[in-house]
Every structure is written in C-alpha cells, then in structure tokens.
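Asks: sharing a model that was predicted from the sequence below.
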Amino acid sequence: GLTSGFPLLDERIDGIRNSIYVLASAARMGKSTFALQWAHDILVKNPEAQVLFVSLDQPARELNIRQVAMAGECRTDYVQHPTAAGVDKYDEKRQRGLSTVLKLKDRLTIIDESLGSLKVSDLTSFVKQKRGRTKKPLVMVVDPYYKLRPDSLEDQAMTPSEVVMAELRTLASSEEIAII
C-alpha cells in the first residue's frame, strides 16, 4: 500500500490500500485538518500518487491557505495576509510552504463543492477525469462524506448514509482507489 506519512498507522494497516478509511470524531476536533495533512503526506511520501480532495464544507481557497501553512509550518493568518511586521519571523516559512505546495499541484486536485451537493456518481466522474488513462495510485478524500447524496434510495431497508457508504465501497473497488 501507499505510505500514509504516519509510520504507526502504516504499521497497523499495512499502508493505504484501495479501500475506505473513515475519520470520525465530534465536531471541531480537526478531522478536516487531519485529512488535509494526510493528503499532503501521501503526496510527499509517494511520488507517483495523486490525490483528489473533494470538499463539501470548506472553500478551496481556505484549504489552499491551510495547506501552505502546514507545509511551511507557519500561521494561516500570515499566509493569507502577510504583513511587514511578520516578515522576519514568517516569510521564509511561508515561501517554503508555497514552494512545497506548488511542487505538488499537478498531483493534487481540490474540488470545491462547499456551496453545492454531490452524488457518488459525480465522484466517479471526477475520478475518471483525474485518472485519465494512467493507472497511478489515486486517493480521494471526501470531506465530509455524510454530505454526499446517494445515487438511489431504492433499498428502503438502508438509510441514506448506508447507501452512500455502499456506493463508496463500490467506487473504491471498481476504480481501484483509496477513499478517505
């Protein structure tokens, strides 16, 4: 499997494989931040990997700012609004973060659907577009998955969330991707 960037996690799950990984916690605990860091680390540790980050919560601009801040180990407010007062302290880190993110831009696609809604069939289209004709490893991050709408609700015995999870499992298997 792909290296996750977290050695203990890799040891426990034998790397990121074509499966589904669910991050769960209470609200405002850092799931989105962790998912973004995880996506970044997957790209850094696996030069052939591609990541498709589908955000149903946060605008792409905000995710890009956070990614630069994480990569440069500096504050997000300075990435967004560099000031003369912080140049000595933060600008080198900001520049390092920008440089790192720019190196990864061809392998990371952020889809901003923070104002809309998607079905799993939309994700399938995104995967096919991102992958093209290559068979490079692809990881798709869906944040948060519970905002996805099911393609169908024909099975009355399943909740919409269960249908979405079943559809995601099918997508991961049929397209040979990992989904976080």
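Replies: Yep, that arrived.
Asks: for Q50, phi and psi?
Replies: phi -120, psi 150 (degrees, to the nearest 10).
Asks: tell me what it is bridged to.
Replies: L138 (DSSP bridges).
Asks: that one: neighbouring residues, count only.
Replies: If you count neighbours by other CB atoms under 10 Å, Q50 ends up with 23. In short, each C-beta sits where N, CA and C put it, glycine included.
Asks: my guess is it contacts V141, does it?
Replies: No: contact criterion CB atoms under 8 Å: Q50 and V141 do not qualify, at 11.5 Å.
Asks: strands along this protein, start to end?
Replies: For the chain, applying DSSP state E gives strands covering 50-55, 108-112, 138-143, 178-179.
Asks: what lines up beside the second one in the sheet?
Replies: To tie it back to what came earlier, the one meant is strand 108-112. Counting by DSSP bridges, strand 108-112 is paired with strand 50-55 (parallel).
Asks: who's in contact with the strand it pairs with?
Replies: For strand 50-55, contacts defined as CB atoms under 8 Å, 6 or more residues apart in numbering pick out 35-36, 39, 42-43, 63, 107-114, 118, 123, 126-127, 130-131, 136-143.
Asks: so who does the closest residue to C74 other than its chain neighbours touch?
Replies: Nearest non-adjacent residue to C74, counting by CB to CB, 6 or more residues apart in numbering: K93, 3.8 Å away. Residues in contact with K93 (CB under 8 Å, 6+ apart) are G72, E73, C74.
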